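K.L.:
what follows is a predicted protein model with its sequence.
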Amino acid sequence: MLKKIDHIGIAVHSIEKARVFYEKVLGLRCERIEEVESQQVRTAFFPIGETHIELLEPTSPDSPIAKFLEKRGEGFHHIGYLGDDIDHVLAVARSKGCRCINDEPVPGAGGKKIAFLHPKSTFGVLTEICAREDD
């Protein structure tokens with residue numbers, strides 16, 4: 001079962017440049033920056049209410065985020081939903097005809113397990129399902 005919107009992912013060329021907008025214009029505070037090797041990305045999280053804005057910067061020219069930036073430019077990348085049983089959510093999605101990018105959860109930022117649903121199955125929105133590692 002999904003509990004809430006966990007985060008909104010924004011693809012950027014440079015976290016250092018983009019964070020100026022989030023901190024100086026919007027008044028948000030960067031909670032943490034970390035690298036997620038499995039996704040070839042560096043992330044920065046800005047809490048707002050119970051949700052986070054997640055800036056995504058590629059760490060490799062052939063990473064999914066680098067390819068996204070090359071094709072579409074900076075901007076909205078994905079929405080992440082927090083669930084308590086990621087395997088169940090993926091099984092239900094598959095049973096309803098959803099195309100999964102990840103057959104199994106992979107390590108994500110903040111110690112979470114993550115898996116993506118393909119935008120062709122989700123009305124054009126790249127959808128991330130995430131769960132805390134201990135769930």
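P.N.:
Thanks, I have it. What you are looking at is a predicted structure, and each value in this text was computed from that prediction instead of being measured.

K.L.:
contact partners for E54?
P.N.:
Counting by CB atoms under 8 Å, 6 or more residues apart in numbering, E54 touches H7, I8, G9, I10, T43, A44, F45, F46, G80, A109. (Glycine included, C-beta is placed from N, CA and C.)

K.L.:
quick check: bridge partners of it?
P.N.:
G9, F45 (DSSP bridges).

K.L.:
do you know how far it is from S95?
P.N.:
28 Å (CB to CB, to the nearest Å).

K.L.:
would TSV of the contacts of E54 with neighbour count be doable?
P.N.:
Compiled in TSV, these are given as follows (neighbours: other CB atoms under 10 Å):
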residue	neighbour count
H7	25
I8	16
G9	21
I10	18
T43	22
A44	23
F45	18
F46	21
G80	24
A109	25
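
K.L.:
what would those look like in CSV with pLDDT?
P.N.:
Shown next, in CSV, are the contacts of E54 (pLDDT from 0 to 100):
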residue, pLDDT
H7, 98
I8, 98
G9, 98
I10, 98
T43, 98
A44, 98
F45, 98
F46, 98
G80, 98
A109, 93
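
K.L.:
just the closest of those residues to R29, please.
P.N.:
F46 (6.8 Å; CB to CB).

K.L.:
I'd say that closest one and Y22 touch.
P.N.:
Yes: contact criterion CB atoms under 8 Å: F46 and Y22 qualify, at 5.1 Å.

K.L.:
appreciated, that's everything.
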